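> prediction below, plus the sequence it came from.
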Amino acid sequence: MSSSSTITTPAYRITFGHIEVGDLARRKLQEALDRSWVSEGRNVQELEAVFAAKFGYRHAVATSSGTDAGLVAMTSLLDRGAVRGDEVITPALSFVASANCITAAGLTPAFVDVELETLNINPDLIEAAITPRTRAIQAVHTMGKPCAMDRILDIARRHKLMVVEDACEAHGATLNGRVVGTFGSMGLFSFYAAHMVCSGEGGMIVTDDAELAGLCRSIRSHGRRGGQLYFHFDRVGYNSKMNELEAAIGLEGLAGFEQTFAVRRRHLQRLWALLQPLEDRLIFFRDGPGEVTCPHAFPIVLRDPTAFIEPLYQHLEARGIQCKTLFGSLPTQHRVFAFLGYREGQFPVSERIGHTGLHMGVHQYLTDDDIQYLADSIAAYFA
């Protein structure tokens, strides 16, 4: 996939996402500066409490990024019986951080292909990937669409495996009225600029397990005993703490969450309606039964499995619409995991999506005219 820097484009009209800092965040920022303390403190503690209360999690542990949330969560498996080299099942198609955090924790990603209809891990393929060294299943709610959690949890129970939900793109998404992040032992969130809640960078681990929350607090602070500042180190840990400046911006994002979610959902549903005439050419990812998809972005996949997305990508970029690929197959279409020895063809659905998929922003700063322009631009390509 060519990057936008290799072609001549106007300034983006449709960006993937951006950040606007308002009065609440500025006040919280100034309070942190007035305290002359911008490492983890009051703002971070408030963000954890508000996030947990808003979505119904018992414990929330803030981290410096969504990737660090994953790294801390995966490292916690080492305190629960896993050893270096043990495996975590994870989808072949997702943002690279979901697999990077497994590798960085000293574990091994065991990739499973996804479903074309959902972009999520295929539950039918999970059991075949389980080995005596499997310790957990990571369910990634890709593009904010909930995974088939009932089936995944059933497999995990029968094989005595932990379930970690990567909900970095799925803030507020629900399945049968239950918010994602509450199904597994832990849920992971990212507060990157394009995401539903933004703190510039930053992430969150959620869990209903007090012992697990304490373990994550220790790991995010160098493995300190009880997560305290004293130099008693009980385990491998990292400097994964969120800072006060990020938390200030995140608190503003949480305060406006319902409005942001509603605006993004309106944009997403309008695109589904406007582009319905192209359903013979494009696959869309609407809500399934019992689902409310988080409007993280607008993903599309070409129905023709032999086509390539590059011409549509170039067409949209030339019209000032920022596009990103739909990740592709991490083990076979990206060099980073070549060391694991997977071969092209082992993940046909993820590989096909890598050739034929794109996603674009539907963030709250776009206007109705922008959404119409996006739909018209896609339609113009096929016309």
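Sure thing, it's come through.
> and the strands in the chain?
With DSSP state E as the criterion, the chain has strands at 59-63, 87-91, 108-112, 134-140, 162-166, 174-175, 178-179, 186-190, 203-207, 282-283, 291-292, 298-302, 323-325, 357-360.
> those: which one's closest to L77?
With CB to CB as the criterion, L77 lies closest to strand 134-140 of those, at 5.5 Å. C-beta coordinates here come from the backbone N, C-alpha and C atoms, glycine included.
> quick one: average pLDDT of the closest one?
Strand 134-140 carries an average pLDDT of 98.
> tell me the angle of it relative to strand 162-166?
Here the directions of strand 134-140 and strand 162-166 differ by 30 degrees (axes from the mean of the first three to the mean of the last three CA atoms, to 10 degrees).
> coming back round to it: L271: which of the strands of the chain is closest?
strand 298-302 (5.4 Å).
> break this structure into its domains for me.
If you go by automatic domain parsing, the domain ranges for the chain are 4-18+257-382, 23-255.
> out of those domains, deepest packed?
Stretch with highest mean neighbour count among those: domain 23-255 (a mean of 21; mean count of other CB atoms under 10 Å).
> ends of that domain, what's the gap?
12 Å (CA to CA, to the nearest Å).
> so who does I219 touch?
V72, T75, S76, R235, V236, G237, Y238, S240 (CB atoms under 8 Å, 6 or more residues apart in numbering).
> among these, which two are most distant?
Across those (CB to CB), the longest gap, 13.1 Å, separates R235 and S240.
> about what we covered before: going by distance to L24, which of the contacts of I219 wins?
Closest to L24, out of all of the contacts of I219 and judged by CB to CB, is S240, at 25.4 Å.
> per-residue pLDDT, the most centrally placed residue in the chain?
Nearest to the geometric centre of the chain sits C168, at 2.7 Å (CA atoms, centre = their mean). Looking at C168, its pLDDT stands at 97.
> also the one 5 residues further on?
A173 carries a pLDDT value of 98.
> show the contacting residues for the residue lying closest to it once chain neighbours are set aside.
Residue nearest to A173 in three dimensions, not counting chain neighbours: C294, with 3.9 Å by CB to CB, 6 or more residues apart in numbering. Going by CB under 8 Å, 6+ apart, C294 touches H141, G144, K145, E169, A170, H171, G172, A173, V180, M196, F261.
> residues contacting the residue nearest to the centre of the chain?
G66, A69, F95, A97, S98, V140, L188, F189, S190, Y192, H195, G203.
> phi first, then psi, for it.
Note on C168: its backbone torsions stand at phi -60, psi -30 [degrees, to the nearest 10].
> for the closest residue to it other than its chain neighbours, which residues make a bridge with it?
Distance criterion CB to CB, 6+ apart; nearest residue to C168, sequence neighbours excluded, is S190 at 3.7 Å. Under DSSP bridges, the beta-bridge partners of S190 are G203.
> wait, what's in contact with S190?
S190 neighbours (CB under 8 Å, 6+ apart): S65, G66, T67, A69, A97, C168, E169, G202, G203.
> of all these, which comes closest to G256?
For the contacts of S190, the nearest to G256 is G202 (16.2 Å; CB to CB).
> return the distance of the residue nearest to A173 relative to T108.
From C294 over to T108 the distance is 29 Å, taken as CB to CB, to the nearest Å.
> OK, contacts around G237?
For G237, the contacting residues are T75, S218, I219, R220, S221, H222, G223, R224, by CB under 8 Å, 6+ apart.
> same list, those, but as a markdown table with pLDDT please.
Converted to a markdown table, the contacts of G237 look like this (pLDDT from 0 to 100):
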| residue | pLDDT |
| --- | --- |
| T75 | 98 |
| S218 | 95 |
| I219 | 96 |
| R220 | 95 |
| S221 | 93 |
| H222 | 93 |
| G223 | 92 |
| R224 | 90 |
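> just put those residues in JSON lines and tack on distance to Y342.
Conversion of the contacts of G237 to JSON lines gives the following (distance: CB to CB, whole Å):
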{"residue": "T75", "distance to Y342": "24"}
{"residue": "S218", "distance to Y342": "34"}
{"residue": "I219", "distance to Y342": "29"}
{"residue": "R220", "distance to Y342": "31"}
{"residue": "S221", "distance to Y342": "35"}
{"residue": "H222", "distance to Y342": "34"}
{"residue": "G223", "distance to Y342": "32"}
{"residue": "R224", "distance to Y342": "37"}
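> excluding its backbone neighbours, what's nearest Q259?
Q364 (7.5 Å).
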